[in-house]
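Have a look at this prediction, sequence included:
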Amino acid sequence: MAAASSSLARRAVSWRRLLLSRAFGAAAGPAKRVLVPVANGTEPIEAAATADVLNRAGARVTVATVASAPAGDEGLLVEAAYGVKLVADGRVADLEGEAFDLIALPGGMPGSANLRDCKVLEKMVKKHAGEGGLYGAICAAPAVALAHWGMLKGLKATCYPSFMDKFPSDVIPANSRVVVDRNAVTSQGPGTSIEFALALVEQLYGKEKMEEVAGPLYVGPQDRAEYATEELNPVKWKCSGTPQVLVPVANGSEEMEALNLIDILRRAGANVTVASVEDKLQIVTRRHKFNLVADMMLDEAAKMEFDLIVMPGGLLGAEKFASTEKLVDLLKKQAESNKPYGAICASPAHVLEPHGLLKGKKATAFPPMAHLLTDQSHCENRVVIDANLITSRAPGTATEFAVAIVDKLFGREKALGIAKELIFM
């Protein structure tokens, strides 16, 4: 245990040095510009991963809605898949004359069809590709949008498996998680979205930058046949009917972690309540500064009963959770009642540990913060379940984390079905 603790401490120091070297290193050139168009029905995990990962690489990412609507935030509201609401940075129609280094389309249905039907976006992508610009799409979007526009002629491409037969005969279908052919990058689904985004980073910036960005994500192996979970003291998580899940969010919450929880648990059939701990429903996430709209304020959610309370990470978000007395009280009552609770990334170390919610429990956390845990014996695991507690490490383990929760709430058969649906395994 002492050796493991020493190893984790050394990693934390190395990580801090890396952050300082990035902050004070040589001046970078102009940021590369990336457009991520979104629409009602867009798959939120794919949109968030693309924006988040490219932002980590240093790109200036613009999330723009294809909808034409009145000015103001209300007109920029996008109702993505699985009830996720987000506010775009702007409109595609207002960006037609602007130059981008990359245009990347998330999938989802009817999101992909809505992107396809946007004439301004079609014109922009065709002009961009004609000038040799990098472009990409994931899930349904390669078949529904890019191929429909004739942007994949003579190229190898992939997409969500059930849409492969939608490719016209002039596209060379490839059953791979990510396919790069000339200046087109395509991928398969939510479970391949980080791989897709990292492939885009490599095409824009090179392999060294891609590896630098990938490291802190803690992405798992691509050829996985299982989701990685370490379970101790197993108990059945009991629910009286449809599982009721609370996902608190704050300014600074990690978008990939939050959206994996919301999307996957709703996909499985849970009733997920997203509650803001801030003074308004709209929160600004950590990386791309995604504007995510919660379902209700925490004060309202606190009047309800939940089978599970689970927190995303992101350091600023976790610190806000830790200082929100009402949320901490809810977590303590949950633990005292032997009801499930959980956290990922920064939240185990910055919320659960200081409030005594890891006492006598095995847990994991974001590796550079794992030295803050009193018991570090299981910190090398991607997901750790100890009775009614579940914890995980980073954005790259967020899908496993959510799938493991599905397993505990709905059973293994359901969890495996969801994992395969996501193209996670």
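Sure, I can see it. Numbers count the residues shown, from 1 in each chain.

Find me the pLDDT at residue 254, would you?
Looking at residue 254, its pLDDT stands at 96.

What is the neighbour count of it?
A count of nearby residues for residue 254, using other C-beta atoms under 10 Å, gives 30. C-beta here means a position set from N, CA and C on the backbone, and glycine is covered the same way.

got it, and the one 3 residues further on?
The number of residues packed around residue 257, counting by other C-beta under 10 Å, is 34.

wait, is it part of a helix?
Yes - judged by DSSP: H, G, I helix; E, B strand; the rest coil, residue 257 forms part of a helix.

All the helices of the stretch 251-400 of the chain, residue numbers only.
Secondary structure of the stretch 251-400 of the chain by DSSP state H, counting those that start in this stretch: the helices cover 255-268, 298-301, 315-322, 325-336, 346-347, 398-410.

should've said the stretch 101-250 of the chain
Per DSSP H, counting those that start in this stretch, the stretch 101-250 of the chain carries helices over the ranges 111-116, 119-130, 141, 193-205, 207-214.

Name the nearest residue to residue 164, sequence neighbours excluded.
For residue 164, ignoring the flanking residues on the chain, the nearest one in space by C-beta to C-beta, 6 or more residues apart in numbering is residue 173 at 5.3 Å.

Which strand residues bridge the one you found?
Here residue 173 shows beta-bridge partners residue 157, assigned using DSSP bridges.

show me what contacts it?
Counting by C-beta atoms under 8 Å, 6 or more residues apart in numbering, residue 173 touches 156, 157, 158, 164, 167.

Next, find the distance separating the last one from residue 182.
In this structure, residue 167 and residue 182 are separated by 17 Å, where distance is defined by C-beta to C-beta, to the nearest Å.

the more surrounded of the two?
residue 167 (18 against 11).

so residue 251 touches residue 280, yeah?
No - using C-beta atoms under 8 Å, residue 251 makes no contact with residue 280, being 9.9 Å away.

out of those two, which sits in the more crowded spot?
Neighbour tally, residue 251 and residue 280, criterion other C-beta under 10 Å: the higher count belongs to residue 251, 19 against 10.

which of the contacts of residue 173 lies closest to residue 101?
Of all those, residue 101 sits closest to residue 157, with 20.6 Å by C-beta to C-beta.

quick one, what contacts that closest one?
Residue 157 makes contacts with 142, 146, 147, 167, 171, 172, 173, 174, 179, 181, 184, 186, as judged by C-beta under 8 Å, 6+ apart.

Could you dump these into JSON lines and include pLDDT and distance to residue 323?
Shown next, in JSON lines, are the contacts of residue 157 (pLDDT from 0 to 100; distance: C-beta to C-beta, whole Å):
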{"residue": "142", "pLDDT": "98", "distance to residue 323": "44"}
{"residue": "146", "pLDDT": "98", "distance to residue 323": "45"}
{"residue": "147", "pLDDT": "98", "distance to residue 323": "49"}
{"residue": "167", "pLDDT": "98", "distance to residue 323": "51"}
{"residue": "171", "pLDDT": "98", "distance to residue 323": "52"}
{"residue": "172", "pLDDT": "98", "distance to residue 323": "54"}
{"residue": "173", "pLDDT": "98", "distance to residue 323": "51"}
{"residue": "174", "pLDDT": "97", "distance to residue 323": "49"}
{"residue": "179", "pLDDT": "98", "distance to residue 323": "45"}
{"residue": "181", "pLDDT": "98", "distance to residue 323": "49"}
{"residue": "184", "pLDDT": "98", "distance to residue 323": "46"}
{"residue": "186", "pLDDT": "98", "distance to residue 323": "43"}
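
Just the buried residues from those, in PyMOL please.
To isolate the buried ones among these in PyMOL, judged by 16 or more other C-beta atoms under 10 Å, type:
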select buried, resi 142+146+147+167+171+173+174+179+181+184+186
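
Not counting its neighbours along the chain, what's nearest residue 95?
residue 64 (5.9 Å).

now the one you found, which residues is it bridged with?
Counting by DSSP bridges, the residues bridging with residue 64 are residue 37, residue 90.

Any idea how many residues pack against residue 211?
Residue 211 has 12 nearby residues by other C-beta under 10 Å.

gap between it and residue 202?
9 Å.

among the contacts of residue 157, which are in strands?
Members of the contacts of residue 157 lying in strands (criterion: DSSP state E): 172, 173, 179, 181, 184, 186.

Do I have it right that residue 132 meets residue 183?
Yes - because the distance of 6.2 Å satisfies C-beta under 8 Å, residue 132 is recorded as touching residue 183.

What are the boundaries of the strands in the stretch 251-400 of the chain?
271-276, 282-284, 291-293, 296-297, 308-311, 341-344, 383-386, 389-392 (DSSP state E, counting those that start in this stretch).

got it, and the stretch 1-150 of the chain?
Using DSSP E, counting those that start in this stretch, strands in the stretch 1-150 of the chain cover 33-38, 60-65, 77-79, 85-87, 90-91, 102-105, 134-138.

Tell me which of those sits nearest to residue 231.
It's strand 134-138; of the strands of the stretch 1-150 of the chain, that one is closest to residue 231 (C-beta to C-beta) at 31.6 Å.

closest to residue 299 out of the strands of the stretch 1-150 of the chain?
strand 85-87 (19.3 Å).

What part of the chain, helix or strand, is modelled with the least confidence?
helix 2-24 (a mean of 44; mean pLDDT, DSSP states H and E).

Give me the nearest residue to residue 352, chain neighbours excluded.
Excluding the flanking residues, the one nearest residue 352 by C-beta to C-beta, 6+ apart is residue 358, at 4.9 Å.

where are the low-confidence patches of the stretch 1-150 of the chain?
For the stretch 1-150 of the chain, applying pLDDT under 70 flags the ranges 1-28, 69-74.

about what we covered before: quick check: the residue nearest to residue 352 vs residue 329, distance?
Counting by C-beta to C-beta, the separation of residue 358 from residue 329 is 17 Å.

One more: residue 402?
25 Å.

Counting neighbours, go ahead and name the busier of those two.
residue 402 (31 against 12).

State the distance from the nearest residue to that one once chain neighbours are set aside to residue 355.
Spatial nearest neighbour of residue 402, excluding adjacent residues (C-beta to C-beta, 6+ apart): residue 264 at 3.8 Å. Note on residue 264: its distance to residue 355, by C-beta to C-beta, is 26 Å.

which one of the two has more residues nearby?
More neighbours surround residue 264 than the other of residue 264 and residue 355, with 28 against 17 (other C-beta under 10 Å).

Pull the number of nearby residues for residue 357.
Using other C-beta under 10 Å: residue 357 sits among 19 other residues.

right, I mislabeled it, should have said residue 359
Using other C-beta under 10 Å, residue 359 is surrounded by 11 other residues.

Identify the residue nearest it in space, chain neighbours excluded?
Of all residues not flanking residue 359 in the chain, residue 374 sits nearest, at 7.9 Å (C-beta to C-beta, 6+ apart).
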